[in-house]
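Student: Whatever this is, show me its structure:
(one chain, ligands or ions: 1)
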Amino acid sequence: MRAITTPADRAAGVLLGLACGDAAGVPYEFASAPYDPHRGPEMIGGGLGPYAPGEWSDDTQMALCIARVAATDVPIDSAEGLDAIARGFLEWVREGATDVGTQTRQVLGALREDDGGPGLAERMAAIAAQLHQRTGRTAGNGALMRTAPVALVFVRDPERTARAARAIAELTHADPLAGDSCVLWCEAIRASVVDGAAHHPLALDLLPPERRHAWQALADGSWRDGGPAALAPNGFTVTALYAALHAAEQGRAAADSASSGAEHVSGPAAAQHAETTYREGIAAAVALGDDTDTIAAIAGSLLGAWCGANAIPGEWAGAVHGWPGHDAAGLRELAAAIVG
Ligand SMILES: [Mg+2]
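Tutor: Numbers count the residues shown, from 1 in each chain. I've put the predicted structure just below:
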């Protein structure tokens, strides 16, 4: 089934879908509050912040550091653009960060005294690479959770999108699995925004040939073999990608079953199908448990690309807000500025 949405609505859906997934998952992060699957996710705040009801967390905050540069004339993959993103991360830590992932905190903390001048992105990536050499464990989900805005920048160019996604991941996450997951997720979003079909993160041809073996379970579908129980804990970027994809697939399946498999291409039935896809996808992400806001944020960015911003439930879009002082209208404007 093809979406009834426009590319502009789907681009807005990426940012709004990310933010609403994040804010809907915040209350249940690491079981901060008990989750009742019969009620579904509710934006009641709390979580690790603690957050106000509807407030998004570090996932959306860091994504907006990227989105704000993407909305300017400076290419995000230029030295100047990468420096601006890196500077945004440092400003976020100083001014707005409500919670910071372990690995991101280690990298950004090492740059506390940095003046933010030219070459900052290289200095940041070098610290991330040293951390990887020292620990061998830098494939957390902290790059994947913020990658979605990258998909909106070079919408006609998959290769350039992939290079940008990896470069921005490597600012804090040197493990190639982190970069891979950002490449795969961004391509699914990019393609969905462009043509309105529900693309899955399967573009392994955008990874270097020597990296593709790491994603064999994605290519052959065997990542589903363990069922939902294998998708938590999900702090590892590979598990996080699978968990978010599971959630998106569950949302789609719930909408298909509610519409009796009928092919709706327009009208209220199509709008209902899109809203059910988004809502049930976020519910499936939160139901997995563990890092609920991050998995729902990642899933929400792809679900938003599939369904469009107008499919996001009004009570969520009306409540969502956060650093640096945005609400749903601000996210829509930002998306328009990026793709425009
Ligand atoms: Mg978070």
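
Student: Dihedrals phi and psi, Gly46?
Tutor: For Gly46, the backbone dihedrals (degrees, to the nearest 10) come out as phi 90, psi -130.

Student: wait, doesn't it sit right on Pro27?
Tutor: Yes. The criterion here is C-beta atoms under 8 Å, and Gly46 meets it with Pro27 at 4.8 Å. Every residue, glycine included, has its C-beta placed from N, CA and C.

Student: So which of those two has more stuff around it?
Tutor: Pro27 (24 against 16; other C-beta atoms under 10 Å).

Student: Spit out the contact partners of the more buried one.
Tutor: Going by C-beta atoms under 8 Å, 6 or more residues apart in numbering, Pro27 touches 33, 41-47, 51.

Student: now with 6 Å?
Tutor: Contact analysis of Pro27 by C-beta atoms under 6 Å, 6 or more residues apart in numbering lists 33, 44, 46-47.

Student: residue boundaries of the helices in the stretch 151-300 of the chain?
Tutor: Using DSSP state H, counting those that start in this stretch, the helices found in the stretch 151-300 of the chain span residues 158-169, 176-195, 216-220, 237-258, 267-288, 292-307.

Student: Compile the ones you listed into TSV and extend it with columns for mean neighbour count.
Tutor: Listed next are those as TSV, based on neighbours: other C-beta atoms under 10 Å:
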stretch	mean neighbour count
helix 158-169	23
helix 176-195	26
helix 216-220	14
helix 237-258	23
helix 267-288	23
helix 292-307	33
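
Student: Tell me which of the ones you listed sits nearest to Gly340.
Tutor: Among the helices of the stretch 151-300 of the chain, the nearest to Gly340 by C-beta to C-beta is helix 176-195 (13.1 Å).

Student: Would you show me how to pick out the buried ones of the contacts of Pro27 in ChimeraX?
Tutor: Selection command for ChimeraX covering only the buried members of these, criterion 16 or more other C-beta atoms under 10 Å:
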select :44,46,47
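
Student: Which ones among the contacts of Pro27 map onto helices?
Tutor: Within those, no residue falls in helices by DSSP state H.
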